[in-house]
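**Q** got a predicted structure plus its sequence, pasted below:
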Amino acid sequence: MKPRINAGRHFTVLVIALFCLATLAHAMPEWQIEQRALNGTVFVETDIGDANGFFVAPHRIVVPYHAIAGTSFARGRNAADGHWFQVAGVTAVDADRNLAILSVSIRGNPLPLGNSDDIRSGKDIYVQSYSRGEKSFTKGKVEDRKGRKFCEKVEFSIAVKVEPGSDGAPILNVDGKVVGIFLRGLVKSEATFPLLDFAIRSNFLKSLRDRGWGSVVQHFPLQGNLNLCALISRGNMKFEKGDYDAAYADYSRVISRNRDAAIAYSNRGSVRLKWGHTAEAAADFRLAKGAAKRINWSKLGRVLGKIIKIF
């Protein structure tokens, strides 16, 4: 008697095998992802602080809007060869999504954009940063498909170790395509902070890139209102630069506009730690934990609970 063949089971195994093969076929080796990212990443220096960016067209780079809004100058440095270059001005801005396209004097290698709607919690991501001449390629994970409470439709959260001054660094998937633009979340101070950072979804960049092909539409200084998340990010840039007075002012401005801005409380607490005001810092961390609880942000609440135990 011939053994019976379970056609349904064999079909399921075949589908799984084909899916795995397709996934492997699309994934790039890490060294190739790193080389591609390095060739397209830049360092951007402004009087606000340091940031990163990357090429989206031969003479166009994208940077976070908060990195250049209000600055009197900007210049860039190519990660691939270390050469400095001039920034002519702005060709397109999306202030709501915290993105800007700049015209630059050198021709670069544009990075391909992926579909940020495909990101899932636990997926591998890579960040190529270039801070003060130091190049860093790091691997991390997608934490959550949502970002900060006020920008959850624009951002997603990630866990990855990235150097200070890296806002705007490209975040790539295993196919070597950009799915996000890095933003610092919790700043690092004397308290030990776990990884909690964010990314602007790359899909918002696609239409802006197409609008950014034109000539320079605005030179520096560029003025414009920053939304809550961009204002926190600008405070983070100033914190990392060591301009604690300006960072404190930005965080306080956010808090005055929204009492549930948990990260603004936490980062303001970090400023107070830098000043040696321990009691005031502890109060800010407690306010941050309370805000996180009100907006049901359990991840941040757990992080802040560990910080508060230090005091």
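**A** Right, received. Where do you want to start? Numbering: from 1, shown residues only.
**Q** mind checking which helix or strand of this structure has the lowest mean pLDDT?
**A** One helix or strand of the chain scores below all others by mean pLDDT, DSSP states H and E: helix 7-26, with a mean of 48.
**Q** in the chain, which spans are helices?
**A** Counting by DSSP state H, the chain has helices at residues 7-26, 30-40, 203-211, 228-241, 244-257, 262-274, 278-294, 298-308.
**Q** so which of those helices comes closest to Arg60?
**A** When the helices of the chain are compared by Cβ to Cβ, helix 203-211 sits nearest Arg60, at 7.4 Å. (Glycine included, C-beta is placed from N, CA and C.)
**Q** show me the contact partners of that closest one.
**A** 56-57, 60, 62, 91-94, 97, 99, 101, 113, 115-117, 154, 178, 181 (Cβ atoms under 8 Å, 6 or more residues apart in numbering).
**Q** residue ranges with poor pLDDT in the stretch 201-311 of the chain?
**A** Scanning the stretch 201-311 of the chain for pLDDT under 70 picks out 221-224.
**Q** so what's the residue nearest the centre of the chain up against?
**A** The centre of the chain sits closest to Phe182, judged by Cα atoms, centre = their mean, with a distance of 1.5 Å. Taking Cβ under 8 Å, 6+ apart, we find Phe182 in contact with 52, 127, 129, 158, 162, 166-171, 197-199.
**Q** check it and give its pLDDT.
**A** Model confidence at Phe182, given as pLDDT, is 96.
**Q** please apply the same query to Phe150.
**A** For Phe150, pLDDT reads 65.
**Q** so Val160 sits against Val142, correct?
**A** No - when contacts are counted by Cβ atoms under 8 Å, Val160 is not listed as touching Val142 (9.5 Å).
**Q** now the residue nearest to the centre of the chain: closest residue in space, sequence neighbours ignored.
**A** Of all residues not flanking Phe182 in the chain, Ala169 sits nearest, at 4.2 Å (Cβ to Cβ, 6 or more residues apart in numbering).
**Q** touching, that neighbour and Ile181? I think so.
**A** Yes - counting by Cβ under 8 Å, Ile181 is a contact partner of Ala169 at 7.4 Å.
**Q** so for the two, which sits in the more crowded spot?
**A** Neighbours were counted for Ala169 and for Ile181 using other Cβ atoms under 10 Å; Ala169 has more, 32 against 28.
**Q** which ones are touching that one?
**A** Shown in contact with Ala169 (Cβ under 8 Å, 6+ apart): 41, 52, 54, 127-130, 162, 181-182.
**Q** from Val42, how far off is it?
**A** When distance is defined by Cβ to Cβ, to the nearest Å, Ala169 is 10 Å away from Val42.
**Q** touching both of those two, which residues are there?
**A** Common neighbours of Ala169 and Val42 (Cβ under 8 Å, 6+ apart) are 52, 54, 130.
**Q** so which of those residues sit within strands?
**A** 52, 54, 130 (DSSP state E).
**Q** count of neighbours near the last one?
**A** A count of neighbours around Tyr130, defined by other Cβ under 10 Å, yields 30.
**Q** against Ala69, how distant is it?
**A** Distance of Tyr130 to Ala69, given as Cβ to Cβ: 21 Å.
**Q** which residues of the stretch 51-200 of the chain score low on pLDDT?
**A** Checking the stretch 51-200 of the chain against pLDDT under 70 turns up 149-150, 152, 189-195.
**Q** strands of that one, residue ranges please.
**A** Listed in chain order, the strands of the stretch 51-200 of the chain (DSSP state E, counting those that start in this stretch) span 60-64, 74-78, 84-94, 99-104, 124-131, 134-144, 155-159, 170-172, 178-183, 197-201.
**Q** that older thread, quick one: buried ones out of the contacts of helix 203-211?
**A** 56-57, 60, 62, 91-94, 97, 99, 101, 113, 116, 154, 178, 181 (16 or more other Cβ atoms under 10 Å).
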